[in-house]
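Trainee: build me a model from this:
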Amino acid sequence: MFIVLRKKPLIFLHYYHHAVVLIYTIHSGCEHAASGRAFITMNYFAHSVMYTYYTIVAYGIRLPRWISMCVTTIQTAQMLAGILVSYFVYRIKTETDLPCQQSMVNLYLAFVIYVSFAVLFSHFFYRAYIAKTRKSKAE
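Mentor: Residues are numbered from 1 along each chain as shown. Here you go, the predicted structure:
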């Protein structure tokens, strides 16, 4: 919403992320997936930081570039943490006798989704902060 209100273009990452999260959340909710609590907690944290940043920027306050870099880093870290959570849930499910309310299909979906998000967010970070810096220094 903040992006649209600021008349910024939406990128593939935005569409893909929200479409996939919607589908995965419905699937996880129907299955009461064990990993859901960890994923929700990570998401709340990242979004609380992100929407605080967007709110401040929407008021026209210019923040130092390193703050937007931190927001993107937190988002990317969330995706990497999602990969780790998926891995640990997989280990619990396959190597222990502990009860685990997590289907293998949902677990594989989570892993593939978080890997794709990590790649896309890392690529966004590179384009937004590293490639732009190199380009401006070259000029």
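Trainee: show me the shaky parts of the chain.
Mentor: Across the chain, the ranges flagged by pLDDT under 70 are 1-7, 134-139.
Trainee: repeat the analysis, applying 90 as the threshold.
Mentor: Low-confidence segments of the chain (pLDDT under 90): 1-11, 58, 132-139.
Trainee: what ranges does the chain have for its strands?
Mentor: In the chain, no segments count as strands under DSSP state E.
Trainee: need the helices for it, in chain order.
Mentor: Assigned by DSSP state H, the chain shows helices spanning 2-5, 12-31, 36-58, 65-95, 104-125, 132-138.
Trainee: need those helices in TSV with mean neighbour count, can you?
Mentor: All C-beta spots, glycine's among them, are computed from the backbone N, C-alpha and C. Formatted as TSV, the helices of the chain follow (neighbours: other C-beta atoms under 10 Å):
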stretch	mean neighbour count
helix 2-5	11
helix 12-31	13
helix 36-58	15
helix 65-95	16
helix 104-125	17
helix 132-138	9
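Trainee: pull the residues that contact stretch 64-75.
Mentor: Contacts to stretch 64-75, defined as C-beta atoms under 8 Å, 6 or more residues apart in numbering, come from residues 45-46, 49-50, 53, 121, 124-125, 128-129.
Trainee: my bad, should have said stretch 44-52
Mentor: By C-beta under 8 Å, 6+ apart, stretch 44-52 touches 2, 70-71, 74-75, 78.
Trainee: before we move on, what about stretch 16-35?
Mentor: By C-beta under 8 Å, 6+ apart, the residues outside stretch 16-35 that reach it are 36, 39, 85-86, 89, 100-103, 106-107, 109-110, 113, 116-117, 120.
Trainee: mind saving the C-alpha coords of it as PDB?
Mentor: Extracted in PDB, the C-alpha atoms of stretch 16-35 (Å, rounded to 0.1, in the frame of the first residue of the first chain):
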ATOM      1  CA  TYR A  16       5.500 -13.000  -6.400                       C
ATOM      2  CA  HIS A  17       6.000 -12.700  -2.700                       C
ATOM      3  CA  HIS A  18       2.400 -11.800  -1.900                       C
ATOM      4  CA  ALA A  19       0.800 -14.300  -4.200                       C
ATOM      5  CA  VAL A  20       3.000 -17.200  -3.000                       C
ATOM      6  CA  VAL A  21       2.600 -16.200   0.700                       C
ATOM      7  CA  LEU A  22      -1.200 -16.100   0.300                       C
ATOM      8  CA  ILE A  23      -1.300 -19.600  -1.200                       C
ATOM      9  CA  TYR A  24       1.200 -21.100   1.300                       C
ATOM     10  CA  THR A  25      -0.600 -19.500   4.200                       C
ATOM     11  CA  ILE A  26      -3.900 -21.000   3.200                       C
ATOM     12  CA  HIS A  27      -2.200 -24.400   2.800                       C
ATOM     13  CA  SER A  28      -0.400 -24.100   6.100                       C
ATOM     14  CA  GLY A  29      -3.600 -23.000   7.900                       C
ATOM     15  CA  CYS A  30      -5.600 -25.900   6.600                       C
ATOM     16  CA  GLU A  31      -2.900 -28.300   7.800                       C
ATOM     17  CA  HIS A  32      -2.100 -26.500  11.100                       C
ATOM     18  CA  ALA A  33       1.600 -26.700  10.100                       C
ATOM     19  CA  ALA A  34       4.000 -26.800  13.000                       C
ATOM     20  CA  SER A  35       6.400 -24.400  11.400                       C
END
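Trainee: alright, that wraps it up for me.
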